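A.B. asks: Quick one: sequence plus predicted model below, questions after.
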Amino acid sequence: MSKFKKGGKRGGQAISTAALPDIVFMLLFFFMVTTVMRETELKIKVMIPKATELQKLERKSLVSYIYIGTPIPALQGQLGTAPRIQLNDAIKSPKDIIQFIEEEKEDIMEAERPLMTVSLKVDRDCEMGIVTDVKQELREANALKISYASSKTDNILNQGKQN
Amino acid sequence: MGRRDIPEINAGSMADIAFLLLIFFLVTTTMDTPTGLMRQLPPKMDEVEPPPPVKERNIFSILVNANNELLVEGEMMELKNLRERAKEFIIGRQNVPNDERFPEFKATDIEFYGKGYPVSKQIISLQNDKGTSYGTYIQVQNELVAAYNEIRNEEAMRKFGVTFDRLVELEKEGDELSGRRVDAIKDVYPQRISEAEPKQVGKIPQ
């Protein structure tokens, strides 16, 4: 025992790790603040299209999402294969959009309601018919600021239809 | 005085706990900010009076059919040619105001440009079929926005020596002059993309 101890001490001082928790905490707070928890579980397949001229949605608290796409394979027995609309966690019909928008508006402060944006996350293989229906309902619900969710690409014309 | 009596707490395992939490947040974190093509929908039909009729020459009409083919101003067109064609139309012919193929101009007072600057009355009308694929629709929308952005960039470069994108960045950083320049460019080339009312076949419009 004593032999080992002597040998170890001669090698040099132990490095102080007292500041390690501070550094780790700093990183921890950074990730805690930037983290966004996934709120909704998608029941439909949504592959958003690609575009080059994108604008960022500045205030996430003012954004509501409407998902449109074909149901995922596991739920196709129940929901069929035609494109469906998902609001929050449930599959809904276009008629429910007005109520959905009203509920979303309730969560936003009175002064900021005109800034509310609806982000349409639509599958790129979807047909426009259902999207147009949703747009008409949004007009009816007076939610006129919309954003067609798309992801960044460098050249839109080179992408294949499926890519 | 009292300090001497309190034993020091061993904080050695603090780092481990913090690491555990850190790794949890590292894994769950998603950094992507939502992006998209912003649009303003027209208000409900019964709320507004029917808009004044727009002259045919001021409208740049684009039709997309169920086979994702484009009909631009009455002729078939490939998507890759759309941007150039749209740019030509948006800029118009200021020196030949009577050219029927291009839109009319309206004298408008704009800062930096003086009184009575001729602003094109262009409107882009985009109509789609029920069967048009959403991917194609977004590509067309994207090309139209790109056309506007390119024109604005060129105009800002010519007038102020900086691109429009840069002006927008400067405006966000709080530069007041850039903000006014951005507004001026937007007034000179206003983005007017109309997503036409859907055609309801076999149904009476409300």
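C.D. replies: Right, received. Where do you want to start?
A.B. asks: use CA for all of it now, contacts and neighbours both
C.D. replies: Will do.
A.B. asks: can you give me the helices in chain A?
C.D. replies: Using DSSP state H, the helices found in chain A span residues A:2-11, A:20-34, A:76-79, A:97-106, A:128-140.
A.B. asks: what bits of chain B have low per-residue confidence?
C.D. replies: B:1-4, B:31-32, B:45-51, B:197-206 (pLDDT under 70).
A.B. asks: so what's A:Asn142 scoring on pLDDT?
C.D. replies: Looking at A:Asn142, its pLDDT reads 86.
A.B. asks: Check the gap between it and B:Ile17 for me.
C.D. replies: 49 Å (Cα to Cα, to the nearest Å).
A.B. asks: Residue 18: how many residues sit nearby?
C.D. replies: Answering for chain A, as no chain was given. A count of nearby residues for A:Ala18, using other Cα atoms under 10 Å in any protein chain shown, gives 12.
A.B. asks: wrong one, chain B
C.D. replies: 21.
A.B. asks: In the sheet, which residues pair with B:Met77? Tell me.
C.D. replies: B:Leu70 (DSSP bridges).
A.B. asks: Wait, it touches B:Leu70, no?
C.D. replies: Yes: using Cα atoms under 8 Å, B:Met77 is in contact with B:Leu70, at 5.5 Å.
A.B. asks: Which one's more surrounded, those two?
C.D. replies: B:Leu70 (22 against 15).
A.B. asks: Check whether that one really touches B:Lys80, as I assumed.
C.D. replies: No: in this structure, B:Leu70 is not within contact of B:Lys80 by Cα under 8 Å, at 10.7 Å.
A.B. asks: quick one: is the helix or strand B:Phe19 falls within near chain A?
C.D. replies: Applying DSSP states H and E as the criterion places B:Phe19 in helix B:14-28. Yes: applying Cα under 8 Å from any Cα of the partner chain, one finds helix B:14-28 touching chain A at B:14-15, B:18-19, B:21-22, B:25-26, B:28.
A.B. asks: Just give me the closest of those residues to A:Glu104.
C.D. replies: B:Thr28 (25.4 Å; Cα to Cα).
A.B. asks: give the contact list for residue 112.
C.D. replies: Reading this off chain A. Going by Cα atoms under 8 Å, 6 or more residues apart in numbering or on different chains, A:Glu112 touches A:Leu62.
A.B. asks: That was the other one, I meant chain B.
C.D. replies: Contacts for B:Phe112 (Cα under 8 Å, 6+ apart) come out as B:181, B:184.
A.B. asks: Three-state assignment for it, please.
C.D. replies: Assigned with DSSP: H, G, I helix; E, B strand; the rest coil, B:Phe112 falls in the coil class.
A.B. asks: Next: B:Glu8.
C.D. replies: Recorded secondary structure, B:Glu8: coil (three-state DSSP).
A.B. asks: Please report the distance of it from B:Ala156.
C.D. replies: 66 Å.
A.B. asks: Who has more neighbours out of the two?
C.D. replies: More neighbours surround B:Ala156 than the other of B:Glu8 and B:Ala156, with 21 against 8 (other Cα under 10 Å).
A.B. asks: hang on, the more buried one packs against B:Asp165?
C.D. replies: No: between B:Ala156 and B:Asp165 there is no contact under Cα under 8 Å: 9.1 Å.
A.B. asks: what separates B:Thr132 from chain A, distance-wise?
C.D. replies: Using Cα to the nearest Cα, to the nearest Å, we find B:Thr132 at a distance of 5 Å from chain A.
A.B. asks: Specify the residue ranges that define each domain of chain A.
C.D. replies: A:2-34, A:44-158 (automatic domain parsing).
A.B. asks: Of those domains, which is nearest B:Lys87?
C.D. replies: Nearest of the domains of chain A (Cα to Cα): domain A:44-158, 15.2 Å.
A.B. asks: can you tell me the helix or strand for the residue most central in space within chain B?
C.D. replies: Nearest residue to the geometric centre of chain B (Cα atoms, centre = their mean): B:Val145, 5.0 Å. Assigning secondary structure by DSSP H and E places B:Val145 in helix B:134-160.
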